[in-house]
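Q: 3D, please:
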Amino acid sequence: MTIISKLAGGLSLYSCLTDMHKTAVLTANNEYAKASADTFIETSIGSQKAEKVSYKDAKRKNWLLKNNFMGGINEVWGRIKGYCKGFFTAGVRYVPNFMLAIGAILSKNKVIASLSAIGLAAVEAWDFIKNSSGIFERTDYLK
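A: Below is the predicted model of the structure:
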């Protein structure tokens with residue numbers, strides 16, 4: 001049973017880390033788009049305001065707006081922030097999986113390794129029932 005429990009622990013860790021990475025990529029893309037839009041709006045508003053009317057200043061502001069000045073830095077920072085946010089937000093969800101997988105992989109005791117593998121199966125089954133099947137979700141929005 002220890003080979004099966006170690007295999008179950010390894011597959012669970014792989015599944016959790018893969019999901020955490022893909023969730024982080026989605027969040028990073030959303031934060032990138034938000035940072036890009038926010039920077040454009042801020043630059044657009046800034047280019048429309050002036051304390052004094054000046055042809056030279058208007059040309060500079062229009063050039064900065066057209067070339068998306070400072071947009072790249074904000075977008076990269078938004079993507080980094082989004083990846084970290086998504087990775088750790090998803091990671092919190094998988095704390096029970098990590099603990100049980102570590103118990104299944106590192107335990108020398110066959111009983112503890114087997115119980116950890118059974119616990120992993122229960123956690124995965126509950127996750128499937130709750131999040132994938134939609135059984136416990138409200139679906140009567142049209143009523």
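Q: may I ask which helix or strand of this structure has the lowest mean pLDDT?
A: Least confident helix or strand, the chain: helix 55-66 with a mean of 79, by mean pLDDT, DSSP states H and E.
Q: which strands or helices does that one pack on?
A: Here helix 55-66 touches helix 2-48, going by 3 or more CB pairs under 8 Å, 6 or more residues apart in numbering; DSSP states H and E. From N, CA and C alone the C-beta is placed, and that goes for glycine too.
Q: and the gap between the residue nearest the centre of the chain and V25?
A: For the chain, G86 is the residue whose C-alpha lies nearest the centre (CA atoms, centre = their mean; 2.1 Å). Distance from G86 to V25, counting by CB to CB, to the nearest Å: 7 Å.
Q: same thing with T18?
A: 11 Å.
Q: those two: which has the busier surroundings?
A: Between T18 and V25, counted using other CB atoms under 10 Å, the more crowded position is V25 (15 against 10).
Q: just how off-centre is the following helix or strand past the least confident helix or strand of the chain within its chain?
A: With elements assigned by DSSP states H and E, the helix or strand that comes after helix 55-66 is helix 71-93. The chain centre lies 7 Å from the centre of helix 71-93; the measure is CA atoms, centre = their mean, to the nearest Å.
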